[in-house]
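Visitor: Quick one: sequence plus predicted model below, questions after.
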Amino acid sequence: MFDILWRSVAIGVGGTVLMDLWAILLSFLPGQGKPNWAPIGRWFWHLRSGKVFHDDIGKAEPYAHELALGWIGHYAVGILYGILLIVFTGPSWLAAPTFLPAWILGIVTVGAGWFLLQPGIGIGWAASKLPNANKVRFLNLVAHTVFAAGMYGTALLIR
């Protein structure tokens, strides 16, 4: 059981690391900012009081350690997705990983961003309040595909 758990955690971390490396590479392109997990940390902080949806997370009460909390939350969610991948595929997937289940989970998890996180921080359902909503949606799909590739690659490395 411990073997399955540590592999699931490693798969989630591996996917998240590759997704972060992708975001850093994108940040070198014109018009792309560097990843900033502070607003997400602030959002996580406000969850403790039951506040899920904000009109503008930037106007919510700040938290001194929101950047660190954002990074921790980001990796905790990635680990949760790694565990869910093994729950849904079964432990036999660890012996012979295939990309398709990881990719399906990666695409499905875009929904958490579109329908929970993005409206939670005040940018609307699937970034609908942003002037470049379609670009954001496309980049979300690409980032979660990269996340899936990271989970799959990590599973291949540790099988």
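Guide: Good, I have the coordinates.

Visitor: which residues touch the residue nearest to residue 56 when sequence neighbours are not counted?
Guide: Excluding the flanking residues, the one nearest residue 56 by CB to CB, 6 or more residues apart in numbering is residue 122, at 4.2 Å. (Glycine included, C-beta is placed from N, CA and C.) Residues in contact with residue 122 (CB atoms under 8 Å, 6 or more residues apart in numbering) are 53-58, 129.

Visitor: Could you check the pLDDT of residue 122?
Guide: Note for residue 122: predicted pLDDT of 98.

Visitor: now do residue 13
Guide: Confidence for residue 13, expressed as pLDDT, is 98.

Visitor: Just give the number of residues close to it.
Guide: Residue 13: 17 surrounding residues under other CB atoms under 10 Å.

Visitor: That one contacts residue 80, doesn't it?
Guide: No. Using CB atoms under 8 Å, residue 13 makes no contact with residue 80, being 11.2 Å away.

Visitor: Can you check which residues contact both of these two?
Guide: Listed contacts common to residue 13 and residue 80 are nil; contacts here mean CB under 8 Å, 6+ apart.

Visitor: all helices of the chain, in order?
Guide: Remark: helices assigned in the chain by DSSP state H are 2-26, 38-47, 66-89, 92-95, 99-108, 110-112, 118-121, 133-158.

Visitor: With distance to residue 32 added, can I get those helices in a markdown table?
Guide: Below are the helices of the chain laid out as a markdown table (distance: least, CB to CB, whole Å):
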| stretch | distance to residue 32 |
| --- | --- |
| helix 2-26 | 5 |
| helix 38-47 | 17 |
| helix 66-89 | 18 |
| helix 92-95 | 34 |
| helix 99-108 | 21 |
| helix 110-112 | 19 |
| helix 118-121 | 17 |
| helix 133-158 | 9 |
